[in-house]
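J.: Output the structure for:
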Amino acid sequence: MPDSTPSYFAPTLYRWRTQALEQALAQGADPLGVDWLLREVGGIDRLQLRLLPQASDRPLALACTLEHLDLLWRQHLDHHTPVQYLAGFTHWWRFRLQVSPAVLIPRPETELLVDWVEQWAQQQPHPPRGHWADLGTGSGSIALGLATILPQAQIHGVDCSAAALAIAHSNAQSLGLSPGIQWHHGHWFKPLENLRGQLQGIVANPPYIPTATIATLDPEVQHHEPHLALDGGQDGLDDLRHLITTAADYLQDAGVLVLEMMAGQGEAVRSLLHQQGSYRAIEICNDLSGLDRFAVAQRHQT
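T.: Numbers count the residues shown, from 1 in each chain. Just a heads-up that it's a prediction; the model follows:
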């Protein structure tokens, strides 16, 4: 990319955008990726995009060359590579996060887990100061959210992928949140043995997609996002079962468990929580589309 900021007249950008949208429709790709690249990589804001057809005499500065944008778009079309991986980042909750094929691209619905914890914290008589765990942290998104809303707590981000933890650590450094987070390499609770009975909260977005369903997912997900973060076993509940069963040993009295799940798994997860016998105040919460999306429960006091 050149050192100077490239500029293009609006008709040039409009023609490229129109052509890219036609290509998306012809190949069954998501046309939203075109404007995402123009905004997030090219630096064109929403108003400028909307005014492109009427801004014929005004040159617009891009953060990169149009050739670079076109190269990324061709990679997206030809290989179904998510635009977030091509750009190397995504926006989630209040953050701009580094992402790569080593981590799942965090979804908007996962923001609800952090929002729930924030509401819970606001209802407490004192700011939470305990230990919190984000299990299967991936890019570190949930751990970073917890560190933001629970500044006096100690956050533990756990992942079995060293490559994912490297990205999570980099994101924490970029956001200035490293002091409040400890990163642990290992499978679920294994690195937290010394915290049995001490966790004030456990939050997780585990793999929950049934194995047979993965082959039906969009190519961007099926061929590029890590299956380790997607495959929840035959019925999609393998990791949720493990977390529900084991979390009770790690939560302190009245500690909270917050789990994301796939739409349609709500009653099964509710049943698992009841059957375990260590939880109360069990609730299945919906996402913004009204679909069951996450479960919350509180550890019984002994």
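
J.: Buried residues of the longest helix anywhere in the chain, list them for me.
T.: Longest helix of the chain, by residue count under DSSP state H: helix 10-27. Buried residues in helix 10-27, counted by 16 or more other CB atoms under 10 Å: Ala10, Leu13, Tyr14, Trp16, Arg17, Ala20, Leu21, Gln23, Ala24. Heads up, the C-betas are built off the backbone N, CA and C, glycines and all.

J.: can I get these in CSV with pLDDT and distance to Asp238?
T.: Formatted as CSV, the buried residues of helix 10-27 follow (pLDDT from 0 to 100; distance: CB to CB, whole Å):
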residue, pLDDT, distance to Asp238
Ala10, 86, 52
Leu13, 92, 48
Tyr14, 91, 49
Trp16, 95, 45
Arg17, 94, 44
Ala20, 96, 40
Leu21, 95, 40
Gln23, 96, 39
Ala24, 94, 36
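
J.: Kindly reformat those as JSON lines containing distance to Asp115.
T.: Listed next are the buried residues of helix 10-27 as JSON lines, based on distance: CB to CB, whole Å:
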{"residue": "Ala10", "distance to Asp115": "38"}
{"residue": "Leu13", "distance to Asp115": "36"}
{"residue": "Tyr14", "distance to Asp115": "38"}
{"residue": "Trp16", "distance to Asp115": "37"}
{"residue": "Arg17", "distance to Asp115": "34"}
{"residue": "Ala20", "distance to Asp115": "34"}
{"residue": "Leu21", "distance to Asp115": "33"}
{"residue": "Gln23", "distance to Asp115": "37"}
{"residue": "Ala24", "distance to Asp115": "32"}
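
J.: Quick check: the gap between Ala10 and Leu32.
T.: 21 Å (CB to CB, to the nearest Å).

J.: How about Glu22?
T.: Taking CB to CB, one finds Glu22 at 15 Å from Leu32.
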